[in-house]
Every structure is written in C-alpha cells, then in structure tokens.
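Colleague: 3D, please:
(one chain, ligands or ions: 1)
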Amino acid sequence: MSVATSLTAQMQLGARFRAVRRRTLELCKPLTPEDMMVQSSPEASPAKWHLAHTAWFFESFILRAFAPGYRIFNADFPWLFNSYYRSFAAFPQKHLRASFSRPGLDEILCYRAHVDEGIERLLEGSPEPEALERIELGLNHEEQHQELLLTDILHAFFTNPLRPAYLPEIATTGAAGREEADPLRFVEVAGGLREIGHHGEGFCYDNERPRHRVWLEPYALAYRLVTNGEFAEFIADGGYRRPELWLSAGWDAVEENGWSAPLYWTGEGGDCSLFTLRGAQPLARMAAASVSHVSYFEADAYARWADKRLATEFEWEASAAGTAVEGNLLDSGRLVACPATKVVQGESPAQQFGDCWEWTASAYLGYPGFRPLAGALGEYNGKFMSGQMVLRGGSCVTPAAHIRGSYRNFFVPETRWQFSGIRLAE
Ligand SMILES: [Fe+2]
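Modeller: Numbers count the residues shown, from 1 in each chain. Prediction:
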C-alpha cells in the first residue's frame, strides 16, 4: 500500500471512528441519567455501562498497547468495565452493573472524551497496521453495543410500570400501511457445493473464517419472516400448551417461565398489544409485521406446528450471497420490526437483512480450521462456542455498517430479549 493510500485509509478510519462514537451518544439522547442506570435482567446492562465499556475496549486493546505515553484515565476502570476477558483482568459480576452509581455519568463522558482524544492522536501519527485493525474491531464492538443498548432499554422500559416509550409512535405497519401480510411463498434454491464464510476485503470477526465448502441439498426459504398475525394463530391453536410441538428443553422453558406468547406481548385476544421502542402497539395494527422477541425454542416449535423447519445458517448464507445489505436496520430510524415490503424476485428472499435476527437450526461452532484472534481478544467470540444457536441477518436495531452475509450472531436458545424472529424453510 502506498503512503498516500494508507493515509487516505487512516483518514477514513478516523471519520468512521468519530461517526460511530457520536452515534452511541445520540442513542442516549432520549434517556434520562436515571434510565441509564437500569439493569432490568441479568443478561442486560445499563446504558451507562455500555458507554463506559465501549471506551474501555479502545483503552484496553488499542491505547495501552499502541499509544506511547497514553495515560490511563482511572486505575480502577481496566477491571471495573471489563466484561468477560479473563486473560486481561478480573471483572465484577455482570448482574451488579446497576450498582455502578459511581463513577457518575459526567465522569463516564469525560472517560469517553479522554479515550477519543487518545485515538485521534494515534491516528495523527503513523500507527502500526495492527493498531488500525484493532480500531476497526473496536468500532464493530461499539456497534454491537449500540444494538445492545437499545435492546436493553426496551427491556428496562417494559419492566417499568409506566411503560415509557423510547421514541414517539410512528406508522409501523410498513411503507404501504398494509395490515395484512402477503401469503407466504417459498423461494426454491438449487443447492450444491457452496462457499461459506467471509471473503474479500473489509472487516469480519474471527468466527466468520475460514471460508470453506458446504454441501447443500435443494431447499426452499420463506420469502419473508413469520408475522405477528401468523404467530397469533399458533397461540390460538394451543401452541404453548402442546408438548408434542416442542423440543424437550423448550417445553421445560415454557413450563419454568410460564411462556404463553412472545416477550413484550400483553393482554389477550382483541386486547393484545406489543411493547416496542415506540410504546405499546395493538396486535391488530402490528399483525403484518414480523414477530419478534421469540426464543429459539419458540421459533422451532412454530416451525414444527407449521409443518416446516428452520434453515441452517449455511442455507441462509448461500441465499444471502450477492444480496445487497438493505432493509429495516437501525439506519431506517424505525426501531420496530415491520412487514416485508419487497416482492420476491428469483432466489432473493425479502427481509434477509433487518427487521429481526433469524434463528437458524445451526449450533454455534467454529468453522473447520477456526483460529481465534491472538491474546485476550481471542476471548471475543471463540469461547462461547457451546450451547448457543446461530442467528443471521441483523434486526431493526442493527447498524447497517455492522451487518453482512457472513455475520454470525449467537445466543443461548432461551433468549427472548433480542430482536429475534422466524424464517421458515422446507
Ligand atoms: Fe463488549
């Protein structure tokens, strides 16, 4: 790479750094300092913690390693805001994050500014290529936390008896204002030997590599996601009361948690409403929108009820190859899963990106020859490769710059607080 090319790349990275960091603060604008302290479930984190932890990532893995003379902002922060990197430092128990009333929000914002200044100074010099790669990793990390921040705030506001809305209501039934979804059709895919995993230029996580070949039998993917209206039919047909529809662990989860509808559904029948980042919406008005906040177990049971199945992550990725990353992502500003608006053409189903993460039938495992990143950063993805299922495609709170066809998200199968939905396959 010539000096001029590398300088341009450095300037582009600097611009992206400023944009991503600014967006995190913008997402906090509708929140009060009190909102930013709430941790309403052990899997969620307070918004204030997200602000601090994303700064911690840049300080810990970039500034301390690559910025000569960098002054650590506070000697306690390296362990206080560590999430799970055991080979880096100790860390507090996750469920205690709501107790971090100190440091105060002002101090966290100063921490962010201090870290921003450090990165800007690093980018003004001649940083090592490894430093630039880690800044890009830090930005992807921050984008993940932008999504988590919104996901966690939705849960926090749902548990508040006042049920406050993060943003005002908008028309959520899609661009055409339709209240009924198109009939479900399936897109036939020929199958064969396909290449899976990231290739070419651009950022990817270690878990998207190495690219490798997978044999696919012919299959078909639903051209759109399952809607709220369709999921309501599953409920009305006794879906949550019929053990024969459920995996054993799924039925245990139904009984233990008393599940009778997706998370955020309240009321019954004609009074049923869905809590969203734009407040409670009547199910009747959201019937054509994609069902969201279901666990893997619910997605699997729904598919069995519908006499279909969930796609494997490889089937999903093979269908997404060549599909432009566009859809109802964070950048649309809607922040609510919406109906499919695109009519299917050829082998390209609608909604592959955005609206809801799609549970796949694939366990989250390393690809053949997988090697985690070296050092503590190797703990980013690889150590979670047991007991989790892969989700694909991003949601209405995923930044568009963050998602791609080879992206693998993963959660334990009970997870419902994510914007997770269902695409059927056959
Ligand atoms: Fe993190």
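Colleague: Every contact and neighbour count from this point should use C-alpha atoms.
Modeller: Will do.
Colleague: And the helices in the stretch 51-200 of the chain?
Modeller: Listed in chain order, the helices of the stretch 51-200 of the chain (DSSP state H, counting those that start in this stretch) span 64-66, 77-80, 105-124, 129-159.
Colleague: can you confirm residue 359 is in a helix?
Modeller: No: if the criterion is DSSP: H, G, I helix; E, B strand; the rest coil, then residue 359 is strand and not within a helix.
Colleague: quick revisit: now mean pLDDT and mean neighbour count too, for the helices of the stretch 51-200 of the chain, in CSV please.
Modeller: Shown next, in CSV, are the helices of the stretch 51-200 of the chain (pLDDT from 0 to 100; neighbours: other CA atoms under 10 Å):
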stretch, mean pLDDT, mean neighbour count
helix 64-66, 97, 15
helix 77-80, 97, 19
helix 105-124, 98, 17
helix 129-159, 98, 20
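Colleague: can you list the domains in this protein?
Modeller: With domains defined by automatic domain parsing, the chain comprises 3-159, 171-425.
Colleague: so which of the helices of the stretch 51-200 of the chain gets nearest residue 23?
Modeller: Nearest of the helices of the stretch 51-200 of the chain to residue 23, taken as CA to CA: helix 129-159 at 8.2 Å.
Colleague: mind listing the strands for the chain?
Modeller: In the chain, the strands defined using DSSP state E lie at 186-189, 192-196, 212-216, 219-222, 265-266, 273-276, 279-282, 309-310, 357-363, 389-392, 409-411, 420-421, 424-425.
Colleague: Now render the helices of the stretch 51-200 of the chain as a markdown table, adding distance to residue 375.
Modeller: Listed next are the helices of the stretch 51-200 of the chain as a markdown table, based on distance: least, CA to CA, whole Å:
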| stretch | distance to residue 375 |
| --- | --- |
| helix 64-66 | 12 |
| helix 77-80 | 16 |
| helix 105-124 | 21 |
| helix 129-159 | 12 |
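Colleague: what's the closest of the ones you listed to residue 285?
Modeller: Nearest to residue 285, of the helices of the stretch 51-200 of the chain and by CA to CA, is helix 129-159 at 19.2 Å.
Colleague: and that closest one, how far from the chain's centre?
Modeller: 9 Å (CA atoms, centre = their mean, to the nearest Å).
Colleague: Quick check: nearest residue in space to residue 40, chain neighbours excluded?
Modeller: Nearest non-adjacent residue to residue 40, counting by CA to CA, 6 or more residues apart in numbering: residue 156, 5.1 Å away.
Colleague: cool, residue 308 as well?
Modeller: residue 426 (5.6 Å).
Colleague: show me what contacts the one you found?
Modeller: Neighbour list for residue 426: 219, 220, 221, 308, 309, 310, 311 [criterion: CA atoms under 8 Å, 6 or more residues apart in numbering].
Colleague: For those residues, pick the one with the most neighbours.
Modeller: Highest neighbour count within these: residue 310, with 26 neighbours (other CA atoms under 10 Å).
Colleague: Tell me the bridge partners for that one.
Modeller: residue 424 (DSSP bridges).
Colleague: I figured it hits residue 360, correct?
Modeller: Yes: counting by CA atoms under 8 Å, residue 310 does reach residue 360; the two are 5.7 Å apart.
Colleague: before we move on, the earlier item: residues contacting the residue nearest to residue 40?
Modeller: By CA under 8 Å, 6+ apart, the contact set of residue 156 is 38, 39, 40.
Colleague: go again using 10 Å as the cut-off
Modeller: Neighbouring residues of residue 156 by CA atoms under 10 Å, 6 or more residues apart in numbering: 35-41, 44-46, 150, 163-164.
Colleague: Neighbour count says what about these? Which are buried?
Modeller: Neighbour counting over the contacts of residue 156 (16 or more other CA atoms under 10 Å) leaves 35, 36, 37, 38, 39, 40, 44, 45, 46, 150, 163, 164 as the buried ones.
Colleague: Now list whatever residues contact both of residue 310 and residue 360.
Modeller: Joint contacts of residue 310 and residue 360 (CA under 10 Å, 6+ apart) are 296, 299, 300, 316, 422, 423, 424, 425.
Colleague: Before we move on, what's the pLDDT of the fifth one?
Modeller: I take that to be residue 422. Looking at residue 422, its pLDDT reads 98.
Colleague: how many other residues sit next to it?
Modeller: Residue 422: 32 neighbours (other CA under 10 Å).
Colleague: ok, now the last one?
Modeller: By the other CA under 10 Å criterion, the neighbourhood of residue 425 contains 22 residues.
Colleague: Contact partners for it?
Modeller: 186-188, 219-223, 303, 307-312, 315-316, 360.
Colleague: Then the fourth one?
Modeller: With contacts defined as CA under 10 Å, 6+ apart, residue 316 is in contact with 221, 310, 349, 352, 358, 360, 391-393, 405-406, 423, 425.
Colleague: What of residue 282?
Modeller: 265, 266, 267, 270, 271, 272, 273, 274, 275.
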